[in-house]
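Trainee: generate a structure from the sequence data that follows.
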Amino acid sequence: MSVEKTINYLTGKPRIMLLIDAIGALTTSLMLGIVLAKNVDLFGMPTDVLQPLSAVAACFALYSFCGYLFAKKYKLYIRIIALANLSYCIASAALTIINRHTLTSLGIMHFIGEIIIILSIFYIEWRVANNVN
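Mentor: Coordinates of the predicted model:
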């Protein structure tokens, strides 16, 4: 499915956008808080960086899931999480640069991939929020 078709579909079902975001944020939280934290030698990001990133992602998951369950108007809810995701990407990029000396190639690939995925979600969320009434 093309990006435009995805945006058009989600504009008609903005509640689903929040569910997708919640699942993605929960996945990020679990990856950082469990997988990467248990394998610091494999990825290279210190646990004192991973834990706060994981906690932030868990908060985003909770926010999006609550929006999915309880929101009546989705435009503002989606805009807020889109901006939160953008902020997360900036923080994650900065922390990747700051910790580049300890990161392994796998760690760098993980964080670059995560940033690309979340920026893509931000773009779709922003477009959906602009199209929702």
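Trainee: start and end of stretch 38-49, how far apart?
Mentor: Stretch 38-49 stretches 13 Å from its first residue to its last (Cα to Cα, to the nearest Å).
Trainee: please identify the buried residues of it?
Mentor: 40, 43-45, 49 (16 or more other Cβ atoms under 10 Å). Placement of C-beta: from N, CA and C, glycine included.
Trainee: for the residues you listed, which one is nearest C59?
Mentor: V49 (16.5 Å; Cβ to Cβ).
Trainee: now do the contacts for the closest one.
Mentor: Each residue near V49 by Cβ atoms under 8 Å, 6 or more residues apart in numbering is listed here: 95, 99.
Trainee: gap between it and I108?
Mentor: From V49 across to I108, the span is 14 Å (Cβ to Cβ, to the nearest Å).
Trainee: and the helix or strand of the chain with the lowest mean pLDDT, how far out from the chain's middle?
Mentor: Ranked by mean pLDDT, DSSP states H and E, the weakest helix or strand in the chain is helix 3-12, scoring a mean of 91. Between the centre of helix 3-12 and the centre of its chain there are 19 Å (Cα atoms, centre = their mean, to the nearest Å).
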